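Asks: Got a predicted structure plus its sequence, pasted below:
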2 protein chains.
Amino acid sequence: MNEEEKEQENYNAKKYRTPDGVPADIVMLTLTKRERKTVTKTLPIRELKVMLIRRKSWPYAGMWALPGGFCQESESIYGAAKRELKEETGVDGGHLEYLGVYSTPGRDPRGWIISNAFFALVEESTLEQRQAADDAEEVGMFGIHEALDQLELAFDHREIIRDAYVRIQQKMLQTTIAKQFLPKHFTLSELYQVIQTVVPEFKEPNFIRKITSTRSRQGILEEVRDEMGKKLSSNQYSQRSAQLYMFTDEIPLLSIYT
Amino acid sequence: MNEEEKEQENYNAKKYRTPDGVPADIVMLTLTKRERKTVTKTLPIRELKVMLIRRKSWPYAGMWALPGGFCQESESIYGAAKRELKEETGVDGGHLEYLGVYSTPGRDPRGWIISNAFFALVEESTLEQRQAADDAEEVGMFGIHEALDQLELAFDHREIIRDAYVRIQQKMLQTTIAKQFLPKHFTLSELYQVIQTVVPEFKEPNFIRKITSTRSRQGILEEVRDEMGKKLSSNQYSQRSAQLYMFTDEIPLLSIYT
DNA sequence: GCAATAGTGTCTATAAGACACTATCAT
DNA sequence: ATGATAGTGTCTTATAGACACTATTGC
């Protein structure tokens, strides 16, 4: 036995009190799309919703909580979150992003439990299926404000959802994450509506003009064309058909000084 | 004993394998300032440095590692990071921010150890004292690129430092974090130099003009004035004295669409 | 006076912001 | 034709970007 092995032998991982578990909790968000019943074509009503599960056992039995599960030794926390997302929605891909760690002493009456929160952006249809299929668990979809202001939430999940909301608002404005809530090809009105749904403060009366006439911003979007190079448009949501756009892979660098 | 208490009794936190520890590791960064020995006054040379500690025992004995320590049950992880920072530098305040969780299986040969990384921005003088005072531990200050490209680092600390570097570059451009590296009152050349030191790609030939003549950016800075309302300037780093500025509390909202 | 850094003048191209106007198309 | 949404014309003001110029001050 060499020096290193001796030292290793000597090390005792259980000398100290260790945590009782490290779960990954997931804020699953979706943007619902409800057709308006008007005479003419019009954009659907969109709403940002969060998926919650009603707890059946102690602690916080009967209260709404984020889906989640304990991380195992053989996986990373991101891996655990991915596994949970798959188990909950059946979806493998989609946007899954780390949010933060929640470790205030006493946050979980079961013991010393340190939660790592994620947020996921999933298709509305996925969550609807999930909601219908599973009768073992009571699954609910709530408007983000309803969840934050009116629901009794388990653990510190209100705080987690609030943080996720702040984060997604920031991401919506500073990255092209909007693409997670849009089809591959979309009109500028659709894009504008999606941004406004997530960030109601975002007001840009000249939105179309600005996107199309400003060089620096043109880079993030690209007009959709067919094989002949002809611009494609859609009249799904309006009488007059509108130019379709898609996101490029540009990632603009923002600065408060430039 | 009521229902809830019975359920609680029933719960066994140690049914599953639990982590062997959840440490907080801290990427302590500082911007060193070294006077140039030139004939005339000039800005000092600045460099972004990271503090590392040489490990004395298994695992990774002899290699450089981030300072850190295990979180205790009675504190949050942020609390643990704060405590560590205090122990390492003697400083209580300063900028301390959560970076992320590192949990790849096998990242720590001692067992199932999930690290939460932070980054701290501290005064150069603080770290220098620390470096001189402590002879129990070998403390080193390394240029960020030296640390990333040339040092043998313990655990996954190279990855953590890289992530911290990316994060601080982003923060430098998108927030007023530059104030952590500047005195309360500073000249625009100083500010520009600090930004460039952390983000060498940042090039703005008309920096002074832009800051002073653009309404939207004026909000984040304010001219320093004396009691009489007269503008204050400093010639510490130049022959001709330059206007002093300070940050306001404005937090500009950036968007790729606006 | 010279060298070094701070800061301005000025010109052109681009972008923002407002608002009226035209275009397209289902009904 | 009407009404609804898409998109343009046009004018004013603000900002970007370049580069030469002036200002201040230690040496």
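Replies: The structure has been received and is ready for your questions.
Asks: how far away is the closest residue to DNA strand D within the stretch 51-200 of chain A from chain B?
Replies: When scored by CB to the nearest atom of the strand, the stretch 51-200 of chain A has residue A:189 as its residue closest to DNA strand D, at 3.3 Å. The way it works is simple: take the backbone N, C-alpha and C, and place the C-beta from them, glycine included. Per CB to the nearest CB, to the nearest Å, residue A:189 is found 13 Å from chain B.
Asks: so which strand or helix has residue A:81?
Replies: helix A:77-89 (DSSP states H and E).
Asks: Which positions within that helix qualify as buried?
Replies: For helix A:77-89, burial by neighbour count (16 or more other CB atoms under 10 Å in any protein chain shown) applies to A:77-82, A:84-85, A:88-89.
Asks: what packs against it?
Replies: strand A:23-34, strand A:68-70, strand A:95-102, strand A:115-121, helix A:124-133 (3 or more CB pairs under 8 Å, 6 or more residues apart in numbering or on different chains; DSSP states H and E).
Asks: Show me what the shortest one packs onto, helices and strands only.
Replies: Packing partners of strand A:68-70 (3+ CB pairs under 8 Å, 6+ apart): strand A:23-34, helix A:77-89.
Asks: Now do the shortest one against strand B:95-102: the angle between them, please.
Replies: Here strand A:23-34 runs at an angle of 90 degrees relative to strand B:95-102 (axes from the mean of the first three to the mean of the last three CA atoms, to 10 degrees).
Asks: just how off-centre is strand A:23-34 within its chain?
Replies: 5 Å (CA atoms, centre = their mean, to the nearest Å).
Asks: Got the domain ranges for chain A?
Replies: Taking the TED database as the domain assignment, the ranges for chain A are A:23-174, A:178-247.
Asks: Return the most buried member of these.
Replies: domain A:23-174 (a mean of 18; mean count of other CB atoms under 10 Å in any protein chain shown).
Asks: Does that domain reach DNA strand D?
Replies: Yes. Judged by CB under 7 Å from any atom of the strand, domain A:23-174 and DNA strand D are in contact via A:40-42.
Asks: So in chain A, which helix runs the longest?
Replies: Secondary structure of chain A per DSSP state H: the longest helix is helix A:157-174.
Asks: ok, back up a step: adding mean pLDDT, write the helices and strands packed on strand A:68-70 out as JSON lines.
Replies: Formatted as JSON lines, those follow (pLDDT from 0 to 100):
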{"stretch": "strand A:23-34", "mean pLDDT": "95"}
{"stretch": "helix A:77-89", "mean pLDDT": "94"}
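Asks: in the stretch 151-258 of chain A, which spans are helices?
Replies: Ranges of helices in the stretch 151-258 of chain A, per DSSP state H, counting those that start in this stretch, are A:157-174, A:188-198, A:207-213, A:215-218.
Asks: Would you quantify the distance from residue A:38 to chain B?
Replies: From residue A:38 across to chain B, the span is 27 Å (CB to the nearest CB).
Asks: quick one: average pLDDT of the longest helix of chain A?
Replies: For helix A:157-174, the per-residue pLDDT values average out at 97.
Asks: how big is the angle separating that helix from helix A:188-198?
Replies: Between helix A:157-174 and helix A:188-198, the angle comes out at 150 degrees (the same axes, to 10 degrees).
Asks: by contact count, what packs against helix A:157-174?
Replies: strand A:23-34, strand A:45-54, strand A:95-102, strand A:115-121, helix A:144-150, helix A:188-198.
Asks: now with 7 Å?
Replies: strand A:23-34, strand A:95-102, strand A:115-121, helix A:144-150, helix A:188-198 (3 or more CB pairs under 7 Å, 6 or more residues apart in numbering or on different chains; DSSP states H and E).
Asks: Residue B:138: which of these is closest?
Replies: Relative to residue B:138, the nearest member of the helices and strands packed on helix A:157-174 by CB to CB is strand A:95-102, separated by 30.0 Å.
Asks: If you count contacts, what does that closest one end up packed against?
Replies: Using 3+ CB pairs under 7 Å, 6+ apart, strand A:95-102 sits against helix A:77-89, strand A:115-121, helix A:157-174, strand B:95-102.
Asks: could you measure residue A:191 against residue B:253, distance?
Replies: Look at residue A:191 and residue B:253: by CB to CB, to the nearest Å, they are 18 Å apart.
Asks: any residue of the longest helix of chain A up close to DNA strand C?
Replies: No. Shown here: helix A:157-174 not in contact with DNA strand C (CB under 7 Å from any atom of the strand), separated by at least 14.1 Å.
Asks: between that helix and strand A:115-121, how many degrees?
Replies: Using the same axes, to 10 degrees: helix A:157-174 against strand A:115-121 is 40 degrees.
Asks: okay, residue A:135: pLDDT?
Replies: pLDDT, read off for residue A:135, is 61.
Asks: Kindly report the same for residue A:123.
Replies: Looking at residue A:123, its pLDDT reads 89.
Asks: Specify the beta-bridge partners of the closest residue to it other than its chain neighbours.
Replies: Of all residues not flanking residue A:123 in the chain, residue A:30 sits nearest, at 6.8 Å (CB to CB, 6 or more residues apart in numbering or on different chains). Counting by DSSP bridges, residue A:30 is bridged to residue A:49.
Asks: so residue A:30 makes contact with residue A:127?
Replies: Yes. The pair residue A:30 / residue A:127 is scored as a contact, 5.3 Å apart, by CB atoms under 7 Å.
Asks: What parts of the stretch 151-258 of chain A come near chain B?
Replies: With CB under 7 Å from any CB of the partner chain as the criterion, the stretch 151-258 of chain A comes near chain B at residues A:173-174, A:195, A:204, A:217, A:220, A:252, A:254-258.
Asks: ok, which pair from these is furthest apart?
Replies: A:195 and A:257 (24.3 Å).
Asks: With distance to residue B:158 added, can I get the domains of chain A in CSV?
Replies: Below are the domains of chain A laid out as CSV (distance: least, CB to CB, whole Å):
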stretch, distance to residue B:158
domain A:23-174, 17
domain A:178-247, 31
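Asks: Just tell me which of those domains ends up closest to residue B:119.
Replies: Of all the domains of chain A, it is domain A:23-174 that lies closest to residue B:119, at 14.2 Å by CB to CB.
Asks: how about the residue in the stretch 51-200 of chain A that DNA strand C sits nearest to, what does it touch?
Replies: Going by CB to the nearest atom of the strand, DNA strand C is nearest to residue A:189 of the stretch 51-200 of chain A, at 12.8 Å. Residues near residue A:189 by CB atoms under 7 Å, 6 or more residues apart in numbering or on different chains: A:43, A:237, A:242.
Asks: nearest to DNA strand D, of these?
Replies: Of all the contacts of residue A:189, DNA strand D sits closest to residue A:242, with 3.3 Å by CB to the nearest atom of the strand.
Asks: Where does pLDDT dip in chain A?
Replies: A:1-14, A:131-136 (pLDDT under 70).
Asks: Residues of it that sit close to DNA strand C?
Replies: So far as CB under 7 Å from any atom of the strand goes, chain A lies against DNA strand C at A:39-41, A:205-206, A:209-210, A:213-217, A:235, A:239-241.
Asks: In JSON lines: the helices and strands packed on strand A:95-102, plus distance to residue A:95.
Replies: Shown next, in JSON lines, are the helices and strands packed on strand A:95-102 (distance: least, CB to CB, whole Å):
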{"stretch": "helix A:77-89", "distance to residue A:95": "10"}
{"stretch": "strand A:115-121", "distance to residue A:95": "4"}
{"stretch": "helix A:157-174", "distance to residue A:95": "9"}
{"stretch": "strand B:95-102", "distance to residue A:95": "17"}
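Asks: so which of those comes closest to residue A:105?
Replies: Ranking those by proximity to residue A:105 (CB to CB) places strand A:115-121 first, at 12.8 Å.
Asks: That closest one pairs with which strands?
Replies: Strand pairing for strand A:115-121, determined by DSSP bridges: strand A:23-34 (parallel), strand A:95-102 (antiparallel).
Asks: Turn those strands into TSV, including distance to residue B:248.
Replies: Shown next, in TSV, are these (distance: least, CB to CB, whole Å):
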stretch	distance to residue B:248
strand A:23-34	33
strand A:95-102	28
